[in-house]
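Colleague: Okay, predicted coordinates and the sequence, questions at the end:
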Amino acid sequence: MILTILGTDLPGRVCEVSTGSYRDVQVGVQRGKEGEQLVRADAESVRWGLPVKAKDGADALDVTGPHVQGRPGTRFVYLVWEGRQPEGSTAMFRRLKIPLEPTIEGPLRAALLADSGATIRLALTAADGTPRCGGLKPEALEWV
């Protein structure tokens with residue numbers, strides 16, 4: 001099945017955060033240790049389609065795939081923010097952790113059981129205007 005992540009309200013191509021100044025900011029999905037499918041952070045919206053599989057476990061379904069991180073029961077996908085620093089090098093400077101917890105009843109579990117696609121929609125700008133980062137709680141996700 002395909003897990004679609006739809007990002008809205010992107011923060012723009014310039015970012016000033018505690019770790020430094022970044023230009024040409026992009027956002028993408030993390031695969032292994034690297035960001036890929038990078039999109040300019042001034043886009044109107046962004047969409048990623050990630051292949052995932054569900055495995056039946058003793059107590060719950062387990063989600064796996066090339067972009068899925070973590071251990072069974074605590075799986076997640078990272079969105080990564082990359083930008084160019086003043087000296088010219090490019091660095092990953094923030095990550096947003098999207099939990100995939102099919103043990104709870106809800107849209108992800110239903111989609112996995114039906115082997116149909118699931119879509120998460122989320123705003124990618126934090127309240128302070130910078131790229132959204134940190135971990136999201138499952139109840140904070142909007143499933144569409």
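Modeller: Great, that's in hand. Numbers count the residues shown, from 1 in each chain.

Colleague: all strands for this structure, in order.
Modeller: 2-8, 15-17, 20-31, 34-40, 45-51, 53-56, 61-64, 76-84, 90-99, 118-123, 134-135, 142-143 (DSSP state E).

Colleague: Comparing the ones you listed by mean pLDDT, which bottoms out?
Modeller: Of all the strands of the chain, strand 53-56 carries the lowest average pLDDT, namely a mean of 78.

Colleague: Can you list the strands that that one pairs with?
Modeller: For strand 53-56, the paired strands and their directions (DSSP bridges) read strand 61-64 (antiparallel).

Colleague: Now do the residue of the chain most remote from its centre against S18, distance only.
Modeller: In the chain, the residue that sits farthest from the middle, by Cα atoms, centre = their mean, is E87; the gap is 27.8 Å. Distance, E87 to S18, using Cβ to Cβ, to the nearest Å: 18 Å. Yep, even glycine has a C-beta here, placed from its N, CA and C like the rest.

Colleague: for G88, same thing?
Modeller: From G88 over to S18 (counting by Cβ to Cβ), the distance is 21 Å.

Colleague: What's the local residue count around I98?
Modeller: Applying other Cβ atoms under 10 Å, we find 21 residues neighbouring I98.

Colleague: what separates it from G28, distance-wise?
Modeller: 13 Å.

Colleague: just G73 next, same as before
Modeller: 26 Å.

Colleague: The two: which is more packed in?
Modeller: Taking other Cβ under 10 Å, G73 and G28 do not tie; G28 has more neighbours (19 against 12).

Colleague: Quick check: nearest residue in space to L6, chain neighbours excluded?
Modeller: Spatial nearest neighbour of L6, chain neighbours left out: R121 (4.5 Å); criterion: Cβ to Cβ, 6 or more residues apart in numbering.
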